[in-house]
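> let me see the structure of the following:
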Amino acid sequence: MFKSVLSLTLAAALGTASFGQTTLTAIPGEAAAAKYASISQEILRAIEKGNEYLKSKQNPEGYWAQPSYPALTALAVTAYMRDPANQGKPVPEYIRKGYDFILKSQKEDGSIFNRGMSSYNTAVCMMALLAANKEEYAPAILKGRAYLIKQQNHFAPDNPYNGGIGYGDKQAPPIADLSNTSLALEAIYYSQKLAKDGKYGEQPDLDWNAATEFINRCQQNPAVNKEPWVSNDKSQLGGFVYRPGVSSARDKKSAAFDKAEPPKAYGSMTYAGMQSLIYANVDKNDPRVKLALKWLENSYSLDENPGMGVQGLYYYYQAMSKALSAMGIDTLTLENGRKVDWRDELANKLISIQKSDGSWVNTNNRWWEADPVLVTSYCVLALEQLYHSIPR
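Predicted structure coming up:
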């Protein structure tokens, strides 16, 4: 049973999953193998260097970066577990210590956190636990899953936050956002096979229809989003914002819409929104998904997080790799007609900016991206997702 659970998790998270659709621009296996032969080896070396850097930064107590936020440990652990070179190998002691720290951080209600942001930390830690492929972690995964499901907002249907999930901090009313909703949906989606197994009793499930409506309310798409702030600007069409009425997390403590400054779509949230629709079982040929992809093609950049400059740039890289890999997309067609092999370009970009010690870091500290442990985890995961998605 657990083998099939891990297969689901890795297949979708690493980009080898099929969502019932043909690949948009599939490359024949032999041709792809030859095309990516050289860069594949460079990717593996960059992953190895990144994971060696992360190993050197583990605290003796088993955590990475900050003990208050076990998600940081979970990202580093997951980066090791998804390394192609580590598949089938015994889990080393330092990674087991990381898992022990994650499990010790779980509370009676199923949440996995030590200081705030309980939904975010729980979702990221669940993905690390799933990657371990260990039966003994099943109860912790399902407790975390049930906790995330309880975090979903259940308001009136016309409430803009209905169906979404926020950081999990104690707020009145709870403020949902697309970033946390996407991470929660990811963990809930990839644990659903385990939840439906029957071995652990009846398990709760998310209100997926309400979640889909919340995702819709985060898209600049007048066809499905009737919120008053939705833009008629064609440059915004299809893109996603951080939450209904607010473009980014800068205003996270305010429950009110920011009417003075209409929200703008940006790259990392558009990748998160597009993949969230897939988690919610929306067909990838659905107009909402197609509009999001078109916005991403028209805004394509590897030098910035479109709409945010270098803020959240490395989160953007990982979101790009995760979404395009999982959807089976091989090339992007830019507004000027140029065809982009995103795997080749993103891999070369990440390899070119890796530091000699194996790390990556952002010059901008927004969303903690001046922390090389966090950013190195993002980059290693992006390269792993990219590598596993290469057609073979």
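
> quick one, helices of the stretch 51-200 of the chain?
70-81, 93-104, 118-132, 138-150, 178-190, 192-195 (DSSP state H, counting those that start in this stretch).

> ok, now the stretch 201-350 of the chain?
208-216, 267-279, 287-298, 313-326, 342-353.

> can you say which of the ones you listed is packed in most?
helix 267-279 (a mean of 27; mean count of other Cβ atoms under 10 Å). Backbone N, C-alpha and C define where each C-beta goes, glycine included.

> please put the alpha-carbon coordinates of that helix into CSV.
The C-alpha coordinates for helix 267-279 follow below in CSV (Å, rounded to 0.1, in the frame of the first residue of the first chain):
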residue,chain,number,x,y,z
GLY,A,267,4.5,34.6,-11.4
SER,A,268,4.8,32.4,-8.3
MET,A,269,1.1,32.7,-7.4
THR,A,270,0.1,32.0,-11.0
TYR,A,271,2.0,28.8,-11.0
ALA,A,272,0.5,27.9,-7.6
GLY,A,273,-3.0,28.8,-8.7
MET,A,274,-2.6,26.8,-11.9
GLN,A,275,-1.4,23.7,-10.1
SER,A,276,-4.1,24.1,-7.4
LEU,A,277,-6.7,23.9,-10.1
ILE,A,278,-5.2,20.5,-11.1
TYR,A,279,-5.2,19.3,-7.5
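
> packing partners for it?
helix 178-190, helix 208-216, helix 287-298, helix 313-326 (3 or more Cβ pairs under 8 Å, 6 or more residues apart in numbering; DSSP states H and E).

> out of these, which comes closest to E369?
helix 313-326 (5.6 Å; Cβ to Cβ).

> the inter-axis angle of the closest one versus helix 70-81?
Here helix 313-326 runs at an angle of 50 degrees relative to helix 70-81 (axes from the mean of the first three to the mean of the last three Cα atoms, to 10 degrees).

> chain center to helix 313-326, what's the gap?
7 Å (Cα atoms, centre = their mean, to the nearest Å).

> cool, and stretch 205-213?
On Cα atoms, centre = their mean, the centre of stretch 205-213 falls 18 Å from the chain's centre.

> how about that stretch as CSV, C-alpha atoms only?
C-alpha atoms of stretch 205-213 as CSV (Å, rounded to 0.1, in the frame of the first residue of the first chain):
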residue,chain,number,x,y,z
ASP,A,205,-12.1,15.2,3.2
LEU,A,206,-11.8,18.7,2.0
ASP,A,207,-14.7,20.6,0.5
TRP,A,208,-13.1,20.6,-2.9
ASN,A,209,-15.9,22.7,-4.5
ALA,A,210,-15.4,25.5,-2.0
ALA,A,211,-11.6,25.3,-2.5
THR,A,212,-12.1,25.6,-6.3
GLU,A,213,-14.3,28.7,-5.8
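
> and the nearest residue to D169 once chain neighbours are set aside, what does it touch?
Leaving aside its chain neighbours, D169 sits nearest to G116 (5.4 Å; criterion: Cβ to Cβ, 6 or more residues apart in numbering). Residues near G116 by Cβ atoms under 8 Å, 6 or more residues apart in numbering: 68, 167-169.

> what about 10 Å?
Applying Cβ atoms under 10 Å, 6 or more residues apart in numbering to G116 gives the contacts 68-69, 167-170.

> how near is it to G307?
In this view, G116 and G307 are 27 Å apart by Cβ to Cβ, to the nearest Å.

> measure how buried P262 is and give me the count.
18 (other Cβ atoms under 10 Å).

> surely K97 meets K55?
No. Between K97 and K55 there is no contact under Cβ atoms under 10 Å: 11.1 Å.

> pick out whichever of those two has more residues nearby.
Shown here are K97 and K55; by other Cβ under 10 Å, K97 has more neighbours (18 against 15).

> residues contacting that one?
With contacts defined as Cβ under 10 Å, 6+ apart, K97 is in contact with 58-63, 73, 77.

> now those in CSV, with distance to V230, neighbour count and pLDDT?
Shown next, in CSV, are the contacts of K97 (distance: Cβ to Cβ, whole Å; neighbours: other Cβ atoms under 10 Å; pLDDT from 0 to 100):
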residue, distance to V230, neighbour count, pLDDT
Q58, 45, 20, 99
N59, 46, 14, 98
P60, 51, 7, 97
E61, 48, 10, 96
G62, 46, 20, 98
Y63, 42, 24, 98
T73, 39, 30, 99
V77, 40, 31, 99
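
> what two of those are the furthest from one another?
P60 and V77 (15.8 Å).

> tell me which of the helices and strands packed on helix 267-279 lies nearest to I102.
helix 178-190 (13.0 Å).

> hey, C-alpha coordinates of the closest one in CSV?
Once non-C-alpha atoms are left out, helix 178-190 reads as follows in CSV (Å, rounded to 0.1, in the frame of the first residue of the first chain):
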residue,chain,number,x,y,z
LEU,A,178,-3.5,31.2,-2.3
SER,A,179,0.0,30.3,-1.2
ASN,A,180,-1.1,28.5,1.9
THR,A,181,-4.1,27.0,0.2
SER,A,182,-2.0,25.6,-2.6
LEU,A,183,0.5,24.0,-0.2
ALA,A,184,-2.4,22.5,1.9
LEU,A,185,-4.1,21.2,-1.2
GLU,A,186,-0.9,19.6,-2.3
ALA,A,187,-0.5,17.7,1.0
ILE,A,188,-4.2,16.7,1.1
TYR,A,189,-4.2,15.6,-2.6
TYR,A,190,-1.1,13.5,-2.3
